[in-house]
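Asker: This is a predicted model, with the sequence first.
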Amino acid sequence: MSRKDQPPRWLDRLLERFCTPNLWEEVQGDLHERYQLRIKRTSKTKADWLYFRDIFSYLRPSIFKRRHSPKPVLTDMLRNYFLIAFRNLTRQKAFSVINILGLSVGMACSILILLWVQDELSYDRFHTHADQLYRLTINASGVDAAITPVPTAALLADKLPEIKNTVRLHSDTHILGVGDRKFEEEGIYYADSTFFDVFSFPLVKGDVRTALNRPDGIIITERMAQKYFGQEDALGKTIRKDNQDELVVIGVLADIPSTSHLQFDFILPMSFLARTNYDLKNNNWNNFDFYTYIQLEDKTNTSPTSLANLEKRIGKLIEKNIPLRVDFKLQPVLSIHLNSHLLRDVAGNGNIQYVRIFSVVAVFILIVACINFMNLATARSAKRAKEVGLRKVVGADRIQLIGQFLAESSLISFISLLVAVVLVWLLIPFFNILSDKQLTLNFLDTNLLLIIGAIAITTGLLSGSYPALFLSKFQPIKVLKGNLTIAGGGSWLRNGLVVCQFVVSIIMLVGTTVVYNQLQFIKQRNLGFDKENLLYVQMTGELWSKQQAFKNELKQNPLTQNFAISLDLPTNLATGVVDVFWEGKNPQSQPLFPTMAVDAGFIDIFKMKILSGRSFYPDSKADSASYIVNEKALQIMGMNISNAVGKSLTFGGIKGTIIGVVQDFNFKPIQQSIEPMLMHLNTWGGKVIIRTQPNKTEATIQALESIHKKLNPAYPFTYHFIDQDLANLYKTENRMGDLFNAFAVLAIFISCLGLYGLSAFIAEQRTKEIGVRRVLGASVGNIVYLLSQNFTRLLLLAMVIATPLAWYAANNWLEGFAYRINVDWTIFLISCFTALGIAAITVSYESIKAALKNPVKALRNE
């Protein structure tokens, strides 16, 4: 065959270059045969063109050469790792379910907790200048309070160049209405016109530059716009306040974020309040009833030293205007929610201690779940020994084996993560109810993705690290000869991990018991007055002018005749006063005395105990200069119960006499100790307190509503219960207690899940031994004891380790309460034996099942 009858050589060389050697000759031969047939039928040019087309039609991956490598390609190795991992999962279904269930429950708990922690830490960060915002607080006579005098903001803005803006806020409750519909609204703030310069609450409708300039204007949230006006445009509409003032809606706010320490639905101009508030109108320095917020200039140094210097300058500016010795502090707005529990603080603040506690709980639960995986992986290592030996024989090094087992743990972690995300999605509505949050599972949220990713990676590495290191160090010669023994190294660490699991579980059980006992102590503690069957009605509208008629109506009805009038309640007292003087008082001493203006029936209604002297006489003019004090006040004044009555006391410039001493009673949360208290007579007040007869509360409420409609028809009837107000003081503790209990139960469940898997494996591993013992006469009890004795020893060791740690943690939490339970030995005994009982039931199930098996089946192949 002549050269002119052959295809172009460069095309043959191209084919040889890209085609794999085992296919090249066959492909080239077929193409050459086809070329010879074509050249006989047509011209060489056309045959060459068709040969060119055929060559390029073979340019597909299936016949490409592969680069020779002494080691597998990374993707091939990973594919093999995940394939082996998947086969192991499907082959060992029971242990796979235990691993995945334990990890997924642990991950779900951690995700929920970290979502809650993230929410708690994100308060007020939406403000544009959040890091430059501060609230001015005071310390007077050792008491920290969130309120400041009326003129403070204007003075600071005028005198201190570091301060860019200031704004005052004053909270209040009013009756608001549109048409015939009226509502008692608590979420109302009066604010200066600089409100929107300081805070970043966006207006949906209206102009932020002029929104608070109109004295009769009101700004409402979208939620309130819907409530009062439905689908109509609220802008320009009017709302009646307290059945008197017409307010024009001049702005609609986007609903306030749940992560704002300021929660409100209405803003009114401060200039409107100045019309009726004498102290505000006249810049009275003695009125401490306003929150003052400060925005510092952008370039202001906010180091602790600089802020301390600024606080001193603020104190010097103000001290000449007020008679009290007051220290002023700048509190970062970003720290208010978690680090502020001041007198007259905004409601609903959290606690940084709980954030730390639950962060630790999240880590503990994840560790407990990872320990399950590590224990089961190392326990079943003998079943993987030959695989490891063969891989080492064919050239796998330790790094590759570690990579393989980490890949397997990552696969299990990924599957568990998917299950955990489903669990979180299902549980988050219930978690929100339990935690009083509005958490969502938004996968577009970068923070959420980071949390989930971090948990998945941490779990994969943590759970897979030890099994990978443990399995990869097997010696191939011993493995393949069958001389491998695993009892030593793997056993002691596995036992240690079981101990760690139950140390965590016992600590959480002790914590649950302590929290429950403390909350029960709060509920059952004698507060110094009887809180049951007490309700009160706020004086509103025409009731102020018809107070005597109101009293007469109450006296005429047997359901309501047991009542008292008070300006204050034990659950919401103001800051207190320092202008209380007695004989022998140190002029340098300025103790703070909370005061109560009450009528003659107040002490009887609350069933307070008079230790000395008497209560106020009804309609006694002489008692207008008489005072009743508590035991703590006597201690401050250097008096005692036997000699206090008859001593002179001056309050508010009025000199009078102490006529009675009442037993100390809690008028603040029991996190705080009892303070000195002074009561004086006032027959007119803002609240009417009624003690209802047992089982007649509903009838009493109906009678009150009837009287209210008769005397005050223009205002809605509302009432409140004293015991509910007290319960609200401990709402955070109750909520955190419920959350802690739930996660403690889940931690114990995860621990028992691992214990169950471990006991099942040990029972399987010792099947023949159990069979021999049964044949030789061992009872079921003997077998159960044999299989569970090691676990019992481990649990006893866990108890010894957990007890001092739990004692320290419990006492550390209880230090936040002025009145608390004692952490005695019974708490540890109950918690430890509860853990032991749960573990015994878990282990006994598999042990009994193994003991009841027919020994013949275990020994028939021997």
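Answerer: That came in fine, so what should we check first?

Asker: Near P618, how many other residues are there?
Answerer: The local packing count at P618 equals 11, with neighbours defined by other CB atoms under 10 Å. Where you see a C-beta, it was placed from the backbone N, CA and C, and this is true even at glycine.

Asker: what's around R313, how many residues?
Answerer: 14.

Asker: so who does the residue lying closest to it once chain neighbours are set aside touch?
Answerer: Distances taken as CB to CB, 6 or more residues apart in numbering place L160 nearest to R313, at 6.7 Å, with adjacent residues excluded. Residues in contact with L160 (CB atoms under 8 Å, 6 or more residues apart in numbering) are L310, R313, I314, L317.

Asker: my guess is the third one meets F328, correct?
Answerer: Just to be clear, that refers to I314. Yes - if you go by CB atoms under 8 Å, I314 and F328 touch, sitting 4.7 Å apart.

Asker: tell me, what's touching the two both at once?
Answerer: Counting by CB under 8 Å, 6+ apart, the common neighbours of I314 and F328 are L136.

Asker: From K46, how far out is K40?
Answerer: Taking CB to CB, to the nearest Å as the measure, K40 falls 12 Å from K46.

Asker: meant to ask about G236
Answerer: With distances taken as CB to CB, G236 is found 86 Å from K46.

Asker: Could you do S303 as well?
Answerer: Relative to K46, S303 is positioned 87 Å away (CB to CB).

Asker: next one: A703
Answerer: Taking CB to CB as the criterion, A703 is separated from K46 by 112 Å.

Asker: Counting neighbours, go ahead and name the busier of these two.
Answerer: Set side by side, A703 and K46 give different neighbour counts by other CB under 10 Å, the larger being at A703 (19 against 12).

Asker: check which helix or strand covers the more buried one.
Answerer: In the assignment (DSSP states H and E), A703 maps to helix 697-711.

Asker: by contact count, what packs against that helix?
Answerer: Packing partners of helix 697-711 (3 or more CB pairs under 8 Å, 6 or more residues apart in numbering; DSSP states H and E): strand 534-538, helix 547-556.

Asker: what pairs with the first one, and is each one parallel or antiparallel?
Answerer: Strands flanking strand 534-538 in the sheet, each with its direction: strand 687-691 (antiparallel), strand 720-721 (antiparallel) (DSSP bridges).

Asker: Name the nearest residue to the most centrally placed residue in the chain, sequence neighbours excluded.
Answerer: Nearest to the geometric centre of the chain sits W116, at 4.3 Å (CA atoms, centre = their mean). Counting by CB to CB, 6+ apart, S435 is the residue found nearest to W116 once chain neighbours are left out, at 5.8 Å.

Asker: Which phi and psi values does I322 adopt?
Answerer: Geometry field for I322 lists phi and psi as phi -130, psi 150, criterion degrees, to the nearest 10.

Asker: Tell me where the stretch 251-400 of the chain has helices.
Answerer: Per DSSP state H, counting those that start in this stretch, the stretch 251-400 of the chain carries helices over the ranges 270-274, 278-281, 304-319, 336-339, 352-379, 385-393, 398-435.

Asker: again, but for the stretch 51-200 of the chain
Answerer: Listed in chain order (using DSSP H, counting those that start in this stretch), the helices of the stretch 51-200 of the chain are 74-91, 93-121, 152-159, 195-198.

Asker: Can you name the next helix or strand after the last one?
Answerer: Read in the C-terminal direction, the helix or strand following helix 195-198 is strand 203-205, with elements assigned using DSSP H and E.

Asker: follow-up on the earlier one: what's the helix holding A703 in contact with?
Answerer: By CB under 8 Å, 6+ apart, the list of residues contacting helix 697-711 reads 533, 535, 537, 542-543, 546, 549-550, 553-554, 557, 559-560, 690, 692-693, 715, 717, 719.

Asker: Could you rerun that using 10 Å?
Answerer: 533, 535, 537, 540-543, 545-547, 549-550, 552-554, 556-560, 562-563, 688, 690-693, 696, 715-719, 721 (CB atoms under 10 Å, 6 or more residues apart in numbering).

Asker: Would you mark the buried spots in that helix?
Answerer: Buried residues in helix 697-711, counted by 16 or more other CB atoms under 10 Å: T700, I701, A703, L704, I707, H708, L711.

Asker: Next, the angle strand 534-538 makes with it.
Answerer: Per axes from the mean of the first three to the mean of the last three CA atoms, to 10 degrees, the angle that helix 697-711 makes with strand 534-538 is 20 degrees.

Asker: can you give me the angle helix 697-711 makes with helix 547-556?
Answerer: Using the same axes, to 10 degrees: helix 697-711 against helix 547-556 is 140 degrees.

Asker: Please identify which helix or strand holds I250.
Answerer: strand 245-253.

Asker: buried stuff in that strand?
Answerer: Along strand 245-253, the positions that meet the burial threshold by neighbour count (16+ other CB under 10 Å) are D245, L247, V249, I250, G251, V252, L253.

Asker: same thing with stretch 328-336?
Answerer: Under the neighbour-count criterion of 16+ other CB under 10 Å, stretch 328-336 has F328, K329, L330, Q331, P332, V333, L334, I336 buried.

Asker: TSV for those residues, including distance to T137 and pLDDT?
Answerer: Converted to TSV, those look like this (distance: CB to CB, whole Å; pLDDT from 0 to 100):
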residue	distance to T137	pLDDT
F328	7	91
K329	5	93
L330	8	94
Q331	5	94
P332	11	95
V333	12	95
L334	15	94
I336	10	93
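
Asker: Restricted to strands, list the residues you listed.
Answerer: With strands taken from DSSP state E, the overlap with these comprises F328, K329, L330, Q331, P332.

Asker: Quick check: can you name the pairing partners of the longest strand along the chain and their directions?
Answerer: Across the chain, the strand with the greatest residue count (assigned by DSSP E) is strand 163-178. Counting by DSSP bridges, the strands paired with strand 163-178 are strand 181-191 (antiparallel), strand 238-241 (antiparallel), strand 288-296 (antiparallel).

Asker: which residues touch the closest residue to L112 other than its chain neighbours?
Answerer: Closest residue to L112 apart from its sequence neighbours, by CB to CB, 6+ apart: F431 at 5.3 Å. With contacts taken as CB under 10 Å, 6+ apart, F431 has the following neighbours: A108, C109, L112, I113, L115, W116, V424, K437, L439, L739, A742.

Asker: low-confidence ranges in this structure?
Answerer: Applying pLDDT under 70 to the chain picks out residues 1-4, 21-22, 58-78, 378-398, 466-491, 573-578, 620, 670-671, 764-765, 855-862.
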